[in-house]
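K.L.:
below are the sequence and a predicted model for it; my questions follow.
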Amino acid sequence: MANDGHQRADVDSDRLWRRHMEMAELGATQRGGVNRAALTPADIEVHSRLATWARDRGFTVEIDAYGNQFMRRPGSTDAPAIASGSHSDTQPTGGRFDGISGVLSAVEALEVIDDAGIVTSHPLEAVIWNNEEGTRFSPTNLGSAVYVGTAPADIMLAATDRDGVTMQSAVQTLREAIPWAGSRELGASMAAFVESHIEQGPELEAEGLDIGVVTAIQGTRKFEIEVIGDEAHAGTTPERMRRDAFVDAVRMVTALRELFHDPDDIMRFTVGRFEVSPGALAVVPGRVFFTVDIRHPDDATLARLGDRIEPVCGQTGSRCDVRVTETRRADSAPFEGAVPDAIETAARERGYSYKHMPSGAGHDARYVSEICPSGMVFVPCEQGLSHNERENATPEDIARGAQVVADTLLILDERQP
Ligand code: HGY
Ligand code: MN
Ligand code: MN
């Protein structure tokens, strides 16, 4: 098959699938999914096994202040690394592929390139970005966003989980598990970054395509909303005297749903957490906390409608106080140039069918693209299901994604300065 002069190394599909199944046991749920929040013991075990794998190969391992882990195969020059990876944490009812598949694909790519004895001029790195899903530590944050400076490291390290454990101490626990790992500066430069990920949507499977070359990630805004009323006795307090936080919060959510209703079904609006306090049968709720996650490919639409959230909540809550905090704002980000070009070359040379497509989900590559040319490879997943324990993909599709990563690293090694 024609190629543009770069070297090639073929991935081992069986080994790659075996590693997926091995990692799926760490945090495995009864219903076949994975619950592996960032830097919990199961997640640290993932980091530790992959660090040991890297060391056994003679690669170096570095961890930065936020717990991102870099496994590096040296190059023949001291150029910045060409990197690939994703995250190892999952949603509470997550699947076996979201995140970890991109990490294992990067690991497989480095392994086959090493097995083939290929000398690259750039170092190659497999990266585990810490805390991508942001379910353990609030506000929502991403190791990749901290690494590139979009999210402030000091605030994100002080974030606590529900037990009061700070991210900083969780990172310390990671370091203690891999005491021999070196340290990495946040923001250290990279020559390029490619991330493989299951599509998390239905298009590739429905169209019978092997690979998605990702063109952009749609913008998102995330909010935390606190509604404060007064706790009162459920049996004795007349309706006219109540400041019921639940009643006001439901009115707010209903009004917001109307605000974000989109006849074209492009807008994404989700209330993913809704917590009623004190959560007792006989107490009028005094506090409600809920989250809003909105996404849209058009930044102006996201800006205009997102800015309406606070006034709409203020106007709709009739008796309670409301506080709206925006915890993340990320405009749409395109992937253009060197990396998507290399991904397309790789897919074409291997004879894989592919198309260009945007991503509805957020990904680490979106943040890494702020410091170096970046791109993403999508592989099909069953019925587009993700953030679900039934998430599934085939060994063949996963292997094609990893193959594209391996080839893309070698193409970029030739093409990138
Ligand atoms: O929420 C997202 O888009 C990603 O799964 N973190
Ligand atoms: Mn996810
Ligand atoms: Mn993911």
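P.N.:
Good, I have the coordinates. Ligands and ions are numbered 1, 2, ... in the order given.

K.L.:
of all residues in the stretch 151-300 of the chain, which one is closest to ligand 3?
P.N.:
Nearest to ligand 3 in the stretch 151-300 of the chain, going by CB to the ion, is His197, at a distance of 5.8 Å. C-beta coordinates here come from the backbone N, C-alpha and C atoms, glycine included.

K.L.:
who does that residue form a beta bridge with?
P.N.:
Phe378 (DSSP bridges).

K.L.:
how long is stretch 20-36 end to end?
P.N.:
End-to-end span of stretch 20-36 (CA to CA, to the nearest Å): 14 Å.

K.L.:
and stretch 355-364, by the same measure?
P.N.:
Termini of stretch 355-364 sit 21 Å apart (CA to CA).

K.L.:
do the same with stretch 22-37
P.N.:
With CA to CA as the measure, stretch 22-37 spans 17 Å from end to end.

K.L.:
give me the contacts around it.
P.N.:
40, 42-43, 45-46, 49, 88-96, 100, 104, 133, 135-136, 161, 388-391 (CB atoms under 8 Å, 6 or more residues apart in numbering).

K.L.:
pLDDT of stretch 271-279, averaged?
P.N.:
For stretch 271-279, mean pLDDT rounds to 97.

K.L.:
cool, stretch 15-34 as well?
P.N.:
98.

K.L.:
list only buried entries from the contacts of stretch 22-37.
P.N.:
Listed as buried from the contacts of stretch 22-37 are 40, 42-43, 45-46, 88-92, 94-96, 100, 104, 133, 135-136, 161, 388-389, 391; burial here means 16 or more other CB atoms under 10 Å.

K.L.:
quick one: which of the residues you listed sit in helices?
P.N.:
If you go by DSSP state H, the buried ones among the contacts of stretch 22-37 have 42-43, 45-46, 100, 104 in helices.

K.L.:
of those, closest to Pro152?
P.N.:
Within those, proximity to Pro152 (CB to CB) peaks at Asp43, which comes in at 22.9 Å.

K.L.:
contact partners for that closest one?
P.N.:
Asp43 sits next to 26-27, 36-37, 88-89 when contact means CB under 8 Å, 6+ apart.

K.L.:
up against ligand 1, what does the stretch 51-200 of the chain have?
P.N.:
132-133 (CB under 6 Å from any ligand atom).

K.L.:
below-threshold pLDDT in the stretch 51-200 of the chain: ranges please.
P.N.:
Scanning the stretch 51-200 of the chain for pLDDT under 70 picks out 139-140.

K.L.:
residue numbers of it in contact with ligand 3?
P.N.:
Proximity of the stretch 51-200 of the chain to ligand 3, by CB under 5 Å from the ion, involves residues 98-99.

K.L.:
what ranges do the helices span in the stretch 51-200 of the chain?
P.N.:
Secondary structure of the stretch 51-200 of the chain (DSSP state H, counting those that start in this stretch): helices at 100-115, 143-148, 153-158, 167-177.

K.L.:
I'd guessed Ala116 sits against Val11; true?
P.N.:
No - in this structure, Ala116 is not within contact of Val11 by CB atoms under 8 Å, at 10.9 Å.

K.L.:
show me which of those two is the more surrounded one.
P.N.:
Neighbour comparison, Ala116 and Val11: the larger count goes to Val11, with 23 against 13 (by other CB atoms under 10 Å).

K.L.:
and the gap between that one and Gln69?
P.N.:
In this structure, Val11 and Gln69 are 21 Å apart, going by CB to CB, to the nearest Å.

K.L.:
what's the answer for Ala9, then?
P.N.:
To Gln69, Ala9 is 23 Å away according to CB to CB.

K.L.:
tell me which of those two has more neighbours.
P.N.:
Gln69 (28 against 21).

K.L.:
identify the residues contacting the more buried one.
P.N.:
Gln69 makes contacts with 47, 50-51, 61-63, 127-128, 130, 174, 178, 181, as judged by CB under 8 Å, 6+ apart.

K.L.:
tell me which of those is nearest to Asp265?
P.N.:
Out of the contacts of Gln69, the member with the shortest distance to Asp265 (by CB to CB) is Asn130, at 33.4 Å.

K.L.:
residue contacts, that closest one?
P.N.:
Asn130 is in contact with 38-39, 66-69, 87, 89, 143, 171, counting by CB under 8 Å, 6+ apart.

K.L.:
now do 6 Å
P.N.:
Counting by CB atoms under 6 Å, 6 or more residues apart in numbering, Asn130 touches 38, 66-68, 143.

K.L.:
kindly report the same for Arg242.
P.N.:
Applying CB under 6 Å, 6+ apart, we find Arg242 in contact with Val284.

K.L.:
for Glu336, grab the count of nearby residues.
P.N.:
What Glu336 shows, counting by other CB under 10 Å, is a neighbour count of 14.

K.L.:
name the element the nearest residue to it once chain neighbours are set aside belongs to?
P.N.:
Nearest residue to Glu336, sequence neighbours excluded (CB to CB, 6 or more residues apart in numbering): Thr215, at 7.9 Å. Per DSSP states H and E, Thr215 falls inside strand 211-217.

K.L.:
parallel or antiparallel, list what pairs with that strand.
P.N.:
Within its sheet, and counting by DSSP bridges, strand 211-217 is paired with strand 333-334 (antiparallel), strand 354-359 (parallel), strand 374-379 (antiparallel).

K.L.:
what are the buried residues along the second one?
P.N.:
Using 16+ other CB under 10 Å as the test for burial, strand 354-359 gives 354, 357, 359.

K.L.:
quick one on the thing from earlier: which one of the contacts of Asp43 is nearest Thr301?
P.N.:
Asp89 (29.8 Å).

K.L.:
what sits against that closest one?
P.N.:
36-38, 43, 131-133.

K.L.:
try it again with 8 Å
P.N.:
36-39, 43, 99, 130-133, 135-136.

K.L.:
next: Gln416.
P.N.:
Residues counted as contacts of Gln416 (CB under 8 Å, 6+ apart) are 82, 122, 191-192, 338, 373.

K.L.:
so which elements touch the longest helix along the chain?
P.N.:
Longest helix in the chain by number of residues (criterion: DSSP H): helix 395-415. On a contact count with 3 or more CB pairs under 8 Å, 6 or more residues apart in numbering; DSSP states H and E, helix 395-415 meets helix 13-24, strand 81-87, helix 100-115, strand 190-198, strand 211-217, helix 338-350, strand 374-379.

K.L.:
between strand 190-198 and the fifth one, find me the angle.
P.N.:
In other words, strand 211-217. 120 degrees (axes from the mean of the first three to the mean of the last three CA atoms, to 10 degrees).
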